[in-house]
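**Student:** got a structure for you, letters missing:
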């Protein structure tokens, strides 16, 4: 088994897509080998750490598992990569790694599998990839500074590193149409999405009336259908009415798996990584300029009493639901100080960008200034640590009183809508969560 890993071929402005390059390499290998049986057993689409600053648009690396001579695979891949990669963009630094593993993907070295795990959750350097490739005798090629070798090597190790896989069926445009508006019938997309759901997910965003599967970039993709069943995603794609499809490819992928999340605590999170963190709401949610919603999270061991949030030395983590998360922000605005949560998302500049939230426990009462039992008026503070007193009647109360609090939220998991979902984030409809779920469609 030969594994061809590649990464970093596209440009934010000029287009291209590494999935397209991988599909072209696979097609050329099939034609060259001219075998009765398909020599390509699978193509992996591996989403790497979405928080690294030098990522491409979706931070995807690709791996082709093919039954052929590694020298032939390297020659075909290098020629195809060199001709298609958008190296005119100074930020595009493609890399190619070809590994020969006669015993199949299971024989991928443990060190390479660990490298793949790190690439999904952490930061790596070009020297890290170069050292591993030299140690294991992998063939390599690169352009520019060759940063793409990091993703290429990670893609080589991904089959052993990842424990959960989904599928994406991508349809590509005729190259003559690249850069022009896509001709896709929205009604057919929504109908196909309804037919395939829930096995196929994130095809559309019904709340925003958006065809999520159709990109807006100038690249070669016409639409991409994601899901848990390879036949369902293929059929959903075939039900969409659009301009002619030039070619299609099924990918095995770690999309929709939350593979990027690591367990963390408020005190140990670091920028450039994604976490799952438990805590209590420490400050009322605040909507700031641009429609972004912020609140602070404190340790879950801190009590639900709002007074405890003011204690000096309490560690906090700022959390944000940014404007692109749309209706998810309404959930966040409904949080109250003391609510116990599990939050998930990437940390950048000390702020966790919310991808999903589990409400573990809701504050059901609020402490308010007591009401005078005689005149039914609000009492006033009698001074520091002296309780409350009614000016009119002279009655007093030692502390604030509690009253029931109406909450619109329920306990369980909430998520950003499909239009705002990271490629690697797990949709709630896929199941396997530790509390009731409230999926977005």
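**Tutor:** Sure thing, it's come through. Values in this document were obtained by computation on a predicted structure and should not be read as measured data.

**Student:** use CA for all of it now, contacts and neighbours both
**Tutor:** Noted.

**Student:** pLDDT below threshold where in the protein?
**Tutor:** 11-15, 54-57, 87-89, 302-313 (pLDDT under 70).

**Student:** mind giving me the domain split of it?
**Tutor:** Following automatic domain parsing, the chain resolves into domains at 2-163, 167-253, 261-364+405-438.

**Student:** against which helices or strands is the helix or strand harbouring residue 156 packed?
**Tutor:** Assigned by DSSP states H and E, residue 156 belongs to helix 148-161. With contacts taken as 3 or more C-alpha pairs under 8 Å, 6 or more residues apart in numbering; DSSP states H and E, helix 148-161 sits against strand 2-7, strand 40-47, strand 60-66, strand 95-100, helix 110-121, helix 126-136, strand 139-142.

**Student:** pipe those into TSV and attach mean neighbour count and distance to residue 228 per row.
**Tutor:** Formatted as TSV, the helices and strands packed on helix 148-161 follow (neighbours: other C-alpha atoms under 10 Å; distance: least, C-alpha to C-alpha, whole Å):
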stretch	mean neighbour count	distance to residue 228
strand 2-7	32	24
strand 40-47	22	14
strand 60-66	27	19
strand 95-100	28	28
helix 110-121	21	20
helix 126-136	15	31
strand 139-142	19	33
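
**Student:** just put these in JSON lines and tack on distance to residue 301.
**Tutor:** Listed next are the helices and strands packed on helix 148-161 as JSON lines, based on distance: least, C-alpha to C-alpha, whole Å:
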{"stretch": "strand 2-7", "distance to residue 301": "43"}
{"stretch": "strand 40-47", "distance to residue 301": "34"}
{"stretch": "strand 60-66", "distance to residue 301": "38"}
{"stretch": "strand 95-100", "distance to residue 301": "47"}
{"stretch": "helix 110-121", "distance to residue 301": "27"}
{"stretch": "helix 126-136", "distance to residue 301": "39"}
{"stretch": "strand 139-142", "distance to residue 301": "50"}
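
**Student:** wait, which of these is closest to residue 244?
**Tutor:** Nearest to residue 244, of all the helices and strands packed on helix 148-161, is strand 40-47, at 23.5 Å by C-alpha to C-alpha.

**Student:** hmm, back to that, output the domains of the chain as JSON lines; include the columns distance to residue 370.
**Tutor:** Shown next, in JSON lines, are those (distance: least, C-alpha to C-alpha, whole Å):
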{"stretch": "domain 2-163", "distance to residue 370": "48"}
{"stretch": "domain 167-253", "distance to residue 370": "42"}
{"stretch": "domain 261-364+405-438", "distance to residue 370": "15"}
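
**Student:** so which of those domains gets nearest residue 389?
**Tutor:** domain 261-364+405-438 (20.5 Å).

**Student:** how much space between residue 242 and residue 200?
**Tutor:** Distance, residue 242 to residue 200, by C-alpha to C-alpha, to the nearest Å: 19 Å.

**Student:** neighbour count winner among the two?
**Tutor:** residue 200 (28 against 16; other C-alpha atoms under 10 Å).

**Student:** got a list of what the more buried one touches?
**Tutor:** Counting by C-alpha atoms under 8 Å, 6 or more residues apart in numbering, residue 200 touches 193, 225-229, 232-233, 236.

**Student:** nearest residue to it other than its sequence neighbours?
**Tutor:** residue 227 (3.9 Å; C-alpha to C-alpha, 6 or more residues apart in numbering).

**Student:** next: residue 137.
**Tutor:** Per C-alpha to C-alpha, 6+ apart, closest to residue 137 is residue 99, 7.8 Å.

**Student:** surely the one you found touches residue 139?
**Tutor:** Yes: the pair residue 99 / residue 139 is scored as a contact, 6.7 Å apart, by C-alpha atoms under 8 Å.

**Student:** end to end, how far does stretch 250-269 reach?
**Tutor:** For stretch 250-269, the first-to-last residue distance is 36 Å (C-alpha to C-alpha).

**Student:** and it, what's buried?
**Tutor:** Across stretch 250-269, burial judged by 16 or more other C-alpha atoms under 10 Å covers 250-262, 266, 269.

**Student:** just to revisit the earlier point, from residue 67, how far off is the residue nearest to residue 137?
**Tutor:** With C-alpha to C-alpha as the criterion, residue 99 and residue 67 are 12 Å apart.

**Student:** and for the two, which residues touch both?
**Tutor:** Counting by C-alpha under 8 Å, 6+ apart, the residues touching both residue 99 and residue 67 are residue 2.

**Student:** point out the one among the helices and strands packed on helix 148-161 that comes closest to residue 320.
**Tutor:** Short answer: helix 110-121, nearest of the helices and strands packed on helix 148-161 by C-alpha to C-alpha, at 20.5 Å.

**Student:** that closest one packs against which elements?
**Tutor:** Contact here means 3+ C-alpha pairs under 8 Å, 6+ apart; on that basis helix 110-121 packs against helix 148-161.

**Student:** helix, strand or coil for the nearest residue to residue 218 once chain neighbours are set aside?
**Tutor:** Nearest residue to residue 218 in three dimensions, chain neighbours excluded: residue 179, at 4.4 Å (C-alpha to C-alpha, 6+ apart). The three-state label given to residue 179 by DSSP: H, G, I helix; E, B strand; the rest coil is coil.

**Student:** helices of the chain, start to end?
**Tutor:** Per DSSP state H, the chain carries helices over the ranges 18-33, 70-84, 110-121, 126-136, 148-161, 186-196, 230-238, 328-333.

**Student:** could you check the angle the fifth one makes with strand 40-47?
**Tutor:** What it means is helix 148-161. 110 degrees (axes from the mean of the first three to the mean of the last three C-alpha atoms, to 10 degrees).
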